[in-house]
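Chemist: the following block contains a protein sequence and its predicted model.
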Amino acid sequence: MTDFGALSIAPPVLAIVLAILTRKAVLSLFLGIWSGAVIVTGGLGIVQTFEWIVAAISDEFQATILVFTLLLGSGVAMVWNLGGTAAIREWALARLDSQRKAGLV
């Protein structure tokens, strides 16, 4: 394995910065993986990127984590869309004594 030194920090930093700026996590993670493939191959890196993604998905442990994360995200989206967060907010505001405790002042 070749030692890339400080250059190996670039893909995760790129992914984090892009995620913060664009607020699109999946695109940012893909571009981080792609930038790592560009560094490793010294070329465009498209084939290497998809080989890494397929290898990660084909691993049973990582596939289990992926499915769990997708189900967890779906559950959170369902609670959000059904008004669960608004109901919790209303419940909490009904039990506060003053606006100062609610942080509204």
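Modeler: Perfect, thanks for sending it. The structure presented is a predicted model; accordingly, all values stated were derived computationally and were not measured. Numbering: from 1, shown residues only.

Chemist: what about this structure, any weak spots by pLDDT?
Modeler: Scanning the chain for pLDDT under 70 picks out 1, 98-105.

Chemist: helices along that one, start to end?
Modeler: With helices called from DSSP state H, the chain shows them at 10-22, 25-41, 46-58, 60-81, 84-94, 99-102.

Chemist: just want the most central residue of the chain.
Modeler: Nearest to the mean C-alpha position of the chain, counting by Cα atoms, centre = their mean, stands residue 25 at 4.5 Å.

Chemist: how about the contacts made by that residue?
Modeler: Counting by Cβ atoms under 8 Å, 6 or more residues apart in numbering, residue 25 makes contact with residue 19. Using the backbone N, CA and C atoms, a C-beta is placed for each residue, glycine as well.

Chemist: just residue 20 next, same as before
Modeler: Taking Cβ under 8 Å, 6+ apart as the definition, residue 20 has no contacts.

Chemist: who wins for proximity to residue 3 among the helices of the chain?
Modeler: Smallest distance to residue 3 across those (Cβ to Cβ): 11.9 Å, for helix 25-41.

Chemist: what's the angle from that closest one to helix 10-22?
Modeler: Orientation check (axes from the mean of the first three to the mean of the last three Cα atoms, to 10 degrees): helix 25-41 against helix 10-22 gives 160 degrees.

Chemist: for helix 25-41, buried residues please.
Modeler: 28, 29, 31, 32, 33, 34, 35, 36, 37, 38, 39, 40 (16 or more other Cβ atoms under 10 Å).

Chemist: the fifth one and residue 89, how far apart?
Modeler: Pointing back at residue 33 there. The spacing between residue 33 and residue 89, counted by Cβ to Cβ, to the nearest Å, is 37 Å.

Chemist: again with the third one
Modeler: Separation of residue 31 from residue 89 (Cβ to Cβ) stands at 35 Å.

Chemist: likewise the last one?
Modeler: As judged by Cβ to Cβ, residue 40 and residue 89 stand 47 Å apart.
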